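**Student:** Starting from these lines, generate the structure:
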Amino acid sequence: MLSYYGTSPHPVNRQAPIQITGDDLSQAVLVVDDEPMARTLLRLMLVRAGYEVFEAEDGYDALDKVKVHPPDVMILDVMMPGIDGFQVCEELRRQEPTATLPIIMLSAKTDLDSVNRGLRAGATKYLTKPVSPEDLTHHVQEVLVTKQIITPS
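**Tutor:** As a prediction, the model looks like this:
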């Protein structure tokens, strides 16, 4: 559980890290969000759960970084300037190397139309903000296990 004590800006995690079965000791997660604080919080949650985390500050940066260092899973914000998360997801689904990349959309847009649009764009999951560390790591683990079952190495 992520909690804050006193005035310390550093979160304390009281939950044991989740382990992913398989040959890889550390799975790579690309966190895409235009808000630096959101990226930092997501990175802290994921690093504490044992993931290697990379960050992208917008949709264009995400598309560039996926080409250079393909992640095992992507956490993708919806509302970003320039190219939004729906467009990023659609573009990744059109490209052969990223057509099956697990993409978890994470958004403050909680309406059913947005959720459906995200899933139609190709998101593996659509989560709403705020998300707890337990929920985030559970869903990341779930899509990674599913990926391993579908595409064993």
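**Student:** contacts, neighbours, all on C-alpha from now
**Tutor:** Will do.
**Student:** Doesn't residue 75 lie inside a strand?
**Tutor:** Yes - under DSSP: H, G, I helix; E, B strand; the rest coil, residue 75 sits within a strand.
**Student:** gap between it and residue 108?
**Tutor:** 13 Å (Cα to Cα, to the nearest Å).
**Student:** Looking only at neighbour counts, state which of these two leads.
**Tutor:** Between residue 75 and residue 108, residue 75 has the larger neighbour count (other Cα atoms under 10 Å), namely 26 against 14.
**Student:** contacting residues for the more buried one?
**Tutor:** Applying Cα atoms under 8 Å, 6 or more residues apart in numbering to residue 75 gives the contacts 29, 30, 31, 32, 103, 104, 105, 106.
**Student:** pLDDT wise, what is it at?
**Tutor:** On the pLDDT scale, residue 75 is placed at 98.
**Student:** For beta bridges, what are the partners of it?
**Tutor:** residue 31, residue 104 (DSSP bridges).
**Student:** circling back to that earlier point, would you list the contacts of residue 75 in CSV and tack on distance to residue 114 and neighbour count?
**Tutor:** Shown next, in CSV, are those (distance: Cα to Cα, whole Å; neighbours: other Cα atoms under 10 Å):
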residue, distance to residue 114, neighbour count
29, 23, 23
30, 22, 24
31, 20, 27
32, 18, 29
103, 15, 26
104, 14, 25
105, 10, 24
106, 11, 27
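**Student:** what angle sits between the longest helix seen in the chain and strand 73-77?
**Tutor:** Assignment by DSSP state H gives helix 133-150 as the longest helix of the chain. Following axes from the mean of the first three to the mean of the last three Cα atoms, to 10 degrees, one obtains 130 degrees for the angle between helix 133-150 and strand 73-77.
**Student:** Give me the distance between helix 133-150 and the centre of its chain.
**Tutor:** Distance of helix 133-150 from its chain centroid, counting by Cα atoms, centre = their mean, to the nearest Å, is 10 Å.
**Student:** Pick out the residue closest to the middle of this protein.
**Tutor:** Computing the C-alpha centroid of the chain and ranking residues by Cα atoms, centre = their mean puts residue 75 first, at 1.7 Å.
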